[in-house]
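> predicted model follows, preceded by the sequence.
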Amino acid sequence: MTALAELPPLRESLEAHGLLARKSLGQHFLLDLNITRKIARLAAVGDGDLVIEVGPGPGGLTRALLETGAEVVAIEKDARFLPLLEELGAAAPGKLRVELADALRADEVEIAAGRPANIVSNLPYNVGTPLLVKWLTGPFQPAAMTLMFQKEVAQRIVAAPGASAYGRLAVIAQACAQAQIVMDAPARAFTPPPKVDSAVVRLTPRADRPAPALLEALQTVTAAAFGQRRKMLRSSLKTLGGEALCASAGIDPARRAETLSIAEFQGLAAALGR
Ligand code: SAM
């Protein structure tokens, strides 16, 4: 049996299996194990931990995660990678389960089966944001997430009030989790290289994450406020109560969305729910 350390380089395995990246599935691979090992270190997972990985592809990040001793459940939509992932699984017996599925539809509560689980992924660009929102606001609460996004999306996740990248995604993400960019990855780190640079964001869900009803109100308020971000709240929030809503949250209706803190948005959402 081949051990993890004896597996051939990923580039060779991809060639041996005749695999080319598919753009429609956001396939940009990390073939350099130094990079994938760094991501596994940033994820801080180890022996016996459960990791859910979306989009293992040829398995570079999967291999680094398995090297830590973690158990990995990998959800992949593209069946072409199954033989390669089987070879990887054989080198780490009992540690890798691959589910051929669309991660947007995956039931992580069922996958984790009551165990705490980390999510670690070099996310496909086209579904990165909806997947993040699902993990932030859905029924499954990960212990932590270590996720590669396009840099521009990573900046929108961690943006502070006043920044041009501050918007709905920052408010929802930071209301639900602590978020930090922990690594930059230039486009040339990927095969094939995408048009833009990427970054890894580490998110730790807050124990006091807003309840579902408050989150729904937060989605409504932020959609309206940032839908017309140049306007004063009295105008952008008009259909939700405008001045009266601001008054009940103790917020000056002459302010603009980008100046409000996460807590102030939560105050508006709570007022909307009342
Ligand atoms: N983890 C690999 C790496 O770092 O080299 C591949 C990352 S690549 C950016 C994204 C992967 O996600 C691809 O393998 C792609 O087939 C897969 N993928 C795309 N959409 C998906 C979906 N909806 N559900 C599950 N996997 C998906």
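Done, it's in.
> every contact and neighbour count from this point should use C-alpha atoms.
Fine.
> quick check: which element contains the residue positioned nearest the centre of the chain?
Residue closest to the average C-alpha location in the chain (Cα atoms, centre = their mean): residue 132, at 4.0 Å. Per DSSP states H and E, residue 132 falls inside helix 128-137.
> would you put the C-alpha positions of that helix in PDB?
The C-alpha trace of helix 128-137 is given here as PDB (Å, rounded to 0.1, in the frame of the first residue of the first chain):
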ATOM      1  CA  GLY A 128     -18.200  30.600  -2.900                       C
ATOM      2  CA  THR A 129     -20.500  33.300  -1.600                       C
ATOM      3  CA  PRO A 130     -23.700  31.300  -1.500                       C
ATOM      4  CA  LEU A 131     -21.900  28.400   0.300                       C
ATOM      5  CA  LEU A 132     -20.400  30.800   2.800                       C
ATOM      6  CA  VAL A 133     -23.900  32.300   3.500                       C
ATOM      7  CA  LYS A 134     -25.300  28.800   3.900                       C
ATOM      8  CA  TRP A 135     -22.600  27.900   6.500                       C
ATOM      9  CA  LEU A 136     -23.000  31.200   8.300                       C
ATOM     10  CA  THR A 137     -26.800  31.300   8.500                       C
END
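> what is the rounded mean pLDDT of it?
Predicted confidence along helix 128-137 averages 96 (mean pLDDT).
> going forward, begin numbering at 471 instead of 1
Sure, I'll start numbering at 471, so the last one becomes helix 598-607.
> end to end, how far does stretch 591-598 reach?
Stretch 591-598 has an end-to-end distance of 10 Å (criterion: Cα to Cα, to the nearest Å).
> stretch 616-635 now?
Length of stretch 616-635, first residue to last, Cα to Cα: 20 Å.
> can you give me the strands in the stretch 471-620 of the chain?
Taking DSSP state E, counting those that start in this stretch as the criterion, the stretch 471-620 of the chain carries its strands at 520-524, 541-546, 566-570, 587-592, 614-620.
> distance to the ligand, mean pLDDT and mean neighbour count added to those, as a markdown table?
A markdown table is the format used below for the strands of the stretch 471-620 of the chain (distance: least, Cα to the nearest ligand atom, whole Å; pLDDT from 0 to 100; neighbours: other Cα atoms under 10 Å):
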| stretch | distance to the ligand | mean pLDDT | mean neighbour count |
| --- | --- | --- | --- |
| strand 520-524 | 5 | 98 | 26 |
| strand 541-546 | 4 | 98 | 23 |
| strand 566-570 | 8 | 98 | 18 |
| strand 587-592 | 5 | 98 | 26 |
| strand 614-620 | 8 | 98 | 24 |
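> the inter-axis angle of the strand or helix carrying residue 654 versus strand 614-620?
For residue 654, the element it lies in under DSSP H and E is strand 647-655. Here strand 647-655 runs at an angle of 50 degrees relative to strand 614-620 (axes from the mean of the first three to the mean of the last three Cα atoms, to 10 degrees).
> buried sites along strand 647-655?
Across strand 647-655, burial judged by 16 or more other Cα atoms under 10 Å covers 647, 649, 650, 651, 652, 654, 655.
> which outside residues touch that strand?
Outside strand 647-655, the residues that touch it by Cα atoms under 8 Å, 6 or more residues apart in numbering are 512, 606, 621, 624-625, 627-628, 643, 667-676, 679.
> good, wrapping up.
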